[in-house]
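Enquirer: next comes the sequence, and after it the predicted model I'd like to discuss.
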Amino acid sequence: MDYSWYMAMKRAAKRRGISEAEIIRQGIHLEAMANRVWDEPLFSRTFEGSERTSAKAEVRDVVADAVRRETSPGTAA
């Protein structure tokens, strides 16, 4: 084992108040999340438009309406 790497990990664990094992677990978690393949695309919804660029206010209003519909009581998400 590279001694400098080991001592850096010990110091980081001590400074953060966690065990060396927790430092390793967090590192594995970060690496796994960095290489995750998402089940759903980032933008899964599509909108039909009029082939023109919408104004900023139009986009804001459409998004606000969609959020209101999804978060209003009595509606299924």
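Expert: Everything's here; your move.

Enquirer: low pLDDT regions in the protein?
Expert: Judged against pLDDT under 70, the low-scoring parts of the chain cover residues 1, 40-47, 49, 74-77.

Enquirer: hey, where'd the helices end up in it?
Expert: 3-16, 20-34, 56-71 (DSSP state H).

Enquirer: adding mean neighbour count, write those out as a markdown table.
Expert: For every residue, glycine as well, the C-beta is placed using N, CA and C. As requested, the helices of the chain are arranged in a markdown table below (neighbours: other CB atoms under 10 Å):
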| stretch | mean neighbour count |
| --- | --- |
| helix 3-16 | 11 |
| helix 20-34 | 11 |
| helix 56-71 | 10 |
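
Enquirer: how about those helices, which one is nearest S50?
Expert: helix 56-71 (10.4 Å; CB to CB).

Enquirer: so which of the helices of the chain is nearest E48?
Expert: Nearest to E48 among those is helix 56-71 (11.6 Å), distances taken as CB to CB.

Enquirer: how much space between the residue nearest to the spatial centre of the chain and R60?
Expert: In the chain, the residue lying closest to the centroid (CA atoms, centre = their mean) is M33, at 9.2 Å. Between M33 and R60 the distance, using CB to CB, to the nearest Å, works out to 31 Å.

Enquirer: not counting sequence-adjacent ones, nearest residue to S54?
Expert: Leaving out its chain neighbours, the residue that sits closest to S54 by CB to CB, 6 or more residues apart in numbering is V62, at 7.7 Å.

Enquirer: noted, bye for now.
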